[in-house]
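> One predicted model, sequence on top.
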Amino acid sequence: MATIRATCSNCGDVHLRTDQVTVRVCRRDAKGAYTFHCPDCGRMIVRTADRETLDLLVASGVPVDVWDLPEDLIEHADGEPIHHGDLAAFLRVLHDDGAFELAVAGLAGDGPDGVSAH
């Protein structure tokens, strides 16, 4: 198993195994980052990375999590401001426990819209 050197903003350089790092790539624009929990302080660290770095991590055996942008973000990608209807829909989701749990599961890659490719 490869050893990966990464930097924690709190602890500095740390050494990780491939199973302690995850590459996350957005399906829409192929931009990505890698994440890890610092083995020293336990903080979750997220670092954006270029394609070459991500490919190198994956080639080393780091698992990949592919995700999709939420539809609302795609809808407003042109910079159009959100409107009252967007806020009302968000408020309904917050008050509906089932919808909220489904949305959170989707963000974690566990829901019907989330894809987890480990």
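Structure received. Owing to the predicted nature of the structure, the values given are computational and were not obtained by experimental measurement. Residues are numbered from 1 along each chain as shown.
> rest of the way, CA atoms for contacts and neighbours
Noted.
> next helix or strand past the helix or strand of the chain with the lowest mean pLDDT?
Comparing helices and strands within the chain by mean pLDDT, DSSP states H and E singles out helix 71-75 as the least confident, with a mean of 67. Next along the chain after helix 71-75, taking DSSP states H and E as the criterion, comes helix 84-95.
> so how far is that next one from its chain's centroid?
23 Å (CA atoms, centre = their mean, to the nearest Å).
> helices and strands around that helix, which ones?
Other elements packing on helix 84-95 under the criterion 3 or more CA pairs under 8 Å, 6 or more residues apart in numbering; DSSP states H and E are helix 97-107.
> any idea of the mean pLDDT for the helix it packs on?
Per-residue pLDDT over helix 97-107 has a mean of 74.
> That helix versus helix 84-95: what angle between them?
Taking axes from the mean of the first three to the mean of the last three CA atoms, to 10 degrees, one finds that helix 97-107 is oriented at 100 degrees with respect to helix 84-95.
> Which elements pack onto helix 97-107?
The contact analysis (3+ CA pairs under 8 Å, 6+ apart) places helix 97-107 against helix 84-95.
> What are the buried residues along the helix it packs on?
Along helix 84-95, the positions that meet the burial threshold by neighbour count (16 or more other CA atoms under 10 Å) are V93.
> contacting residues around that helix?
Contacts of helix 84-95 from elsewhere in the structure, counted by CA atoms under 8 Å, 6 or more residues apart in numbering, are 99-100.
> Need the CA coordinates for that helix. CSV is fine.
This file holds the C-alpha atoms of helix 84-95, laid out as CSV (Å, rounded to 0.1, in the frame of the first residue of the first chain):
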residue,chain,number,x,y,z
HIS,A,84,-38.8,33.6,-2.9
GLY,A,85,-39.9,30.3,-4.4
ASP,A,86,-36.4,28.8,-3.9
LEU,A,87,-36.4,29.8,-0.2
ALA,A,88,-39.9,28.5,0.3
ALA,A,89,-38.9,25.1,-1.2
PHE,A,90,-35.9,25.0,1.0
LEU,A,91,-38.0,25.7,4.1
ARG,A,92,-40.3,22.9,3.2
VAL,A,93,-37.4,20.5,3.0
LEU,A,94,-36.1,21.6,6.4
HIS,A,95,-39.5,20.9,8.0
